[in-house]
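Undergrad: Sequence and predicted structure, then a few things I'm wondering about:
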Amino acid sequence: FGTYQSAIRKPGKEHDPDSSNGCFSVDYVIPLYEEVYDQWHGGYEVYCSANKLPNMDGLIGKADPFFEIWMKNPDEEFLYYRSEFNRKTLKPHWKPFQLRVDTLGGYEEKFTVIVYDWDSDGTHDFIGKAEITLREILITNGSWQIPLRKGNKNRGAFSFDNLIPSDVNFIPVAWRDDSTSYKVSPFSLKLDAKDGVGGLGSSDPYFEILCTPPDLGYQIPLYRSKFIKEDLNPVWEDFILYTNKIGNIDSVFVVMVYDYDADGGHDLIGVCETTIRDWMHGWFCAPLLKNGKSGGSFCVTIEELDEIGLWDPISPAYNLSPSALKLASKDGVGPLGTSDPFFRIIAQPEGYEEPITLYRSEYISKNLNPVWNPFTINVNDVHGIDNMFLIQVFDRDSDGGHDLIGEAETTLRDMSLKWFSIAMRKKSFNGSQGAFVINSVHPIPYEYYPPYYPAYSIKTSGIKLDAKDIGLKPSSDPFFEIRTIPEGLLLHRSEVIKKDLNPSWDQFILTMEDTKGWDPIYEIRCYDYDSDGGHDLIGICTATFREWVLGPYVHALRHTEGLSRSRGGFSVDHIEGTEIPERRYAPAYSIKSAGNKLGTILDP
């Protein structure tokens, strides 16, 4: 209708006739006889900068700014783009990036620009943010500044300097599908020093990746790096990460960085959660958090590959080469103290109601850094490659009262990574009691079992037995019995050895038929013989055929009252397979009996 003027008023005073701050005037309107469309495009190369950013690094410092663009959909907010960071400037000019209108949600869809000050420990400081639409940028012909705000404070200006039309063939990271694999270049910055104090402190860092593959449904250790000696800014070797082992590029996994310790008590530096997609935005650098504080940053750059990742086939069995480092000394004190260490593996195979001893090593005399013989574990015996089993390390004592040095739970998968070292711990002690180490792992294409015999010839002895007959020279007349549990069926009774606290009994034969297999538990009771039949119990122990076949071993004989002190050792000195004797039992027996030291009963 011609010229038009309208008063400009502040919010809240739109109807106050005395509050005008000037006027807005429409001077003239020219009719057009056809519709006019803006010549907008499907994609743009975008040039951005910022101005008058706040000083973030000290009084005379500046900032290391970068920005991120975040989008929203009905379910979540997601990262669309991350720029590089500019060093020490409050007026950054960033490299151009590609933007596709359809992946942004159209011209009217709001997105958020967030500017940070990059920090090497991963705790990038928030500078400010702003919301805008693509239409707002385009109607200014590609030159538009928006204020960055933190709360109600202005924190500088973010500028869209230029938008140049470009093709729409590229796919933003936020819309990319899974690639099969990625070459990952990992490093860390400003890690906490865990060894030493002050400016001389350092760490020996390594990291682990823990994930939950969709076909497993539980968390597993996927990768373990080598440790790097005395470096707070380590650069680890590249590795290949296969997408299908994680799940997909949006599956969350955990990165844990540790300081390696030779005793296995590796100190946690920090943890971060991430995704492969988060790594795809040019660079990634996140804080490693522990108790809410950053212990440094974990950073990666990646490169897409076309290699297909297949899970390493699970072998039926694995041959392991074990050793230990810095074990606690149990014999003697101070620098002269030592131990005679051996270890055992305890697991509960599928179908078993109770855990059993799967393996027991030889003992190494007087050595706190032992190297034991290689041994083999069947996957089925530990109920799968991801099922926990127990490792216990002992100091051998001749009376069978072996002192526990420490124990730990682990899995075969954990043992099979690049290297393995775990702390042996004991409830009554703080800290590590030494490290149990696996030096190499070799898959075996078949299950391994020791040779199976229907019967075994066994040589036993006693060591340092308690004296039950008190006199000028206290002694005992020991013998032992083997009985089934819980029936109490007698399988064997030894001869009596007169006045000997270290007896060596005759060899005897025990059959698989007697014990009903490898793993049923039987009981050994050792007595001091008395001629009146009131044989004094020296002590009790339990065992299985599987344990004895592993090699010579000394059991501690203990009382049923729960006393922890060993009453002497029951030693299996030698065991070898044999055949069942043809005539173990006669069809009938002629029996001669007698009494000894019978009591007197007075008949009234």
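TA: Yes, it's here.
Undergrad: give me every residue that touches Asp514.
TA: By Cβ atoms under 8 Å, 6 or more residues apart in numbering, the contact list for Asp514 reads 484, 491. In short, each C-beta sits where N, CA and C put it, glycine included.
Undergrad: any idea how far Thr357 is from it?
TA: 20 Å (Cβ to Cβ, to the nearest Å).
Undergrad: in what helix or strand does the residue most central in space within the chain lie?
TA: Compute the mean C-alpha point of the chain, and by Cα atoms, centre = their mean the closest residue is Pro221, 5.5 Å away. Assigned by DSSP states H and E, Pro221 belongs to strand 220-224.
Undergrad: tell me what that strand is packed against?
TA: Packing partners of strand 220-224 (3 or more Cβ pairs under 8 Å, 6 or more residues apart in numbering; DSSP states H and E): strand 205-211, helix 412-415.
Undergrad: Identify, out of those, the most deeply packed stretch.
TA: strand 205-211 (a mean of 21; mean count of other Cβ atoms under 10 Å).
Undergrad: mind checking how far that strand is from the chain centre?
TA: Relative to its parent chain, strand 205-211 has a centroid offset of 8 Å by Cα atoms, centre = their mean, to the nearest Å.
Undergrad: Average pLDDT for that strand, rounded please.
TA: Strand 205-211 carries an average pLDDT of 97.
Undergrad: now swap in stretch 266-284 and tell me
TA: pLDDT averaged over stretch 266-284 gives 94.
Undergrad: Stretch 455-469 now?
TA: 94.
Undergrad: which residues does Met424 contact?
TA: Met424 makes contacts with 264, 324, 327, 391, 393, 405-408, 432-436, as judged by Cβ under 8 Å, 6+ apart.
Undergrad: give me the element the residue nearest to Arg493 when sequence neighbours are not counted is part of.
TA: In space, and not counting its chain neighbours, Arg493 is closest to Glu481: 4.8 Å by Cβ to Cβ, 6 or more residues apart in numbering. According to DSSP H and E, Glu481 maps onto strand 478-484.
Undergrad: on that earlier part again, what's near enough to touch the residue nearest to Arg493?
TA: Contacts of Glu481 by Cβ under 8 Å, 6+ apart are 490, 492-494, 524-525, 527.
Undergrad: can you count the residues close to Ala477?
TA: Heads up, residue 477 is Asp, not Ala. 19 (other Cβ atoms under 10 Å).
Undergrad: can I assume it is in contact with Glu495?
TA: No. When contacts are counted by Cβ atoms under 8 Å, Asp477 is not listed as touching Glu495 (10.5 Å).
Undergrad: Find residues that contact each of those two.
TA: Counting by Cβ under 8 Å, 6+ apart, Asp477 and Glu495 have no shared contacts at all.
Undergrad: Asn387 - how many residues pack around it?
TA: The burial count for Asn387: 15, using other Cβ under 10 Å.
Undergrad: same check, this time on the one 4 residues further on
TA: By the criterion of other Cβ under 10 Å, Ile391 has 21 neighbours.
Undergrad: residue contacts, it?
TA: Counted by Cβ under 8 Å, 6+ apart, Ile391 has contacts 343-345, 407-410, 422, 424, 436.
Undergrad: Could you dump those into a markdown table with distance to His559 and pLDDT added?
TA: As requested, the contacts of Ile391 are arranged in a markdown table below (distance: Cβ to Cβ, whole Å; pLDDT from 0 to 100):
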| residue | distance to His559 | pLDDT |
| --- | --- | --- |
| Phe343 | 27 | 97 |
| Arg344 | 23 | 96 |
| Ile345 | 28 | 96 |
| Glu407 | 24 | 96 |
| Ala408 | 30 | 96 |
| Glu409 | 30 | 96 |
| Thr410 | 34 | 96 |
| Ile422 | 34 | 96 |
| Met424 | 28 | 96 |
| Phe436 | 32 | 97 |
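Undergrad: Determine which two of those are furthest apart.
TA: Maximum pairwise distance among the contacts of Ile391 (Cβ to Cβ): 15.1 Å, between Arg344 and Ile422.
Undergrad: low pLDDT regions in the stretch 101-250 of the chain?
TA: Where the stretch 101-250 of the chain drops to pLDDT under 70, the residues are 141-143, 198-199.
Undergrad: At which residues are the helices of this protein located?
TA: Under the criterion DSSP state H, the chain contains helices at 101-104, 134-138, 243-246, 276-279, 412-415, 512-515, 545-549.
Undergrad: Grab the CA positions of the first one and hand them over as PDB.
TA: The one in question is helix 101-104. In PDB, the C-alpha atoms belonging to helix 101-104 read as follows (Å, rounded to 0.1, in the frame of the first residue of the first chain):
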ATOM      1  CA  VAL A 101      22.500 -29.500   2.900                       C
ATOM      2  CA  ASP A 102      20.500 -32.700   2.900                       C
ATOM      3  CA  THR A 103      22.700 -34.200   5.700                       C
ATOM      4  CA  LEU A 104      22.400 -31.000   7.700                       C
END
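Undergrad: buried set for that helix?
TA: Neighbour counts using 16 or more other Cβ atoms under 10 Å place 101, 103-104 of helix 101-104 among the buried residues.
Undergrad: between the residues you listed, which is closest to Ile249?
TA: Thr103 (16.0 Å).
Undergrad: The closest one and Arg176 touch, don't they?
TA: No. Checked against Cβ under 8 Å, the pair Thr103 and Arg176 is beyond contact range at 10.3 Å.
Undergrad: can you tell me how far Ile377 sits from Gln348?
TA: Applying Cβ to Cβ, the value for Ile377 to Gln348 is 13 Å.
Undergrad: Which of these two has more residues huddled nearby?
TA: Ile377 (22 against 18).
Undergrad: so who does that one touch?
TA: Per Cβ under 8 Å, 6+ apart, neighbours of Ile377: 317-318, 320, 345, 358-359, 412.
Undergrad: got those as a markdown table, with distance to Leu510 columns?
TA: Formatted as a markdown table, those follow (distance: Cβ to Cβ, whole Å):
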| residue | distance to Leu510 |
| --- | --- |
| Ala317 | 27 |
| Tyr318 | 31 |
| Leu320 | 30 |
| Ile345 | 24 |
| Leu358 | 21 |
| Tyr359 | 21 |
| Leu412 | 32 |
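Undergrad: average pLDDT for stretch 320-329?
TA: 96.
Undergrad: and that stretch, how far apart are its ends?
TA: 25 Å (Cα to Cα, to the nearest Å).
Undergrad: circling back to that earlier point, export the helices and strands packed on strand 220-224 to CSV and tack on distance to Asp519?
TA: Converted to CSV, those look like this (distance: least, Cβ to Cβ, whole Å):
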stretch, distance to Asp519
strand 205-211, 33
helix 412-415, 20
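Undergrad: among these, which is nearest His124?
TA: strand 205-211 (20.1 Å).
Undergrad: Which elements pack onto the closest one?
TA: strand 181-189, strand 220-224, strand 253-259.
Undergrad: Relative to Ile276, which of those strands is closest?
TA: Using Cβ to Cβ, the nearest of the helices and strands packed on strand 205-211 to Ile276 is strand 181-189, at 6.5 Å.
Undergrad: quick one, what contacts the residue nearest to Ser440 when sequence neighbours are not counted?
TA: Of all residues not flanking Ser440 in the chain, Ser321 sits nearest, at 4.6 Å (Cβ to Cβ, 6+ apart). If you count contacts by Cβ under 8 Å, 6+ apart, Ser321 has them with 374, 438-441.
Undergrad: same thing but 6 Å
TA: Ser321 makes contact with 374, 439-440, according to Cβ atoms under 6 Å, 6 or more residues apart in numbering.
Undergrad: So which of those residues sit within strands?
TA: 439-440 (DSSP state E).
Undergrad: nearest to Leu189, of the contacts of Ser321?
TA: Of these, the one sitting nearest to Leu189 (Cβ to Cβ) turns out to be Asn439, at 31.4 Å.
Undergrad: mind listing which of the contacts of Ile391 are in strands?
TA: 343-345, 407-410, 422, 436.
Undergrad: okay, the residues you listed in a markdown table with neighbour count next?
TA: Converted to a markdown table, the ones in strands among the contacts of Ile391 look like this (neighbours: other Cβ atoms under 10 Å):
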| residue | neighbour count |
| --- | --- |
| Phe343 | 23 |
| Arg344 | 19 |
| Ile345 | 21 |
| Glu407 | 21 |
| Ala408 | 17 |
| Glu409 | 11 |
| Thr410 | 18 |
| Ile422 | 21 |
| Phe436 | 27 |
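Undergrad: Thanks again, I'm all set now.
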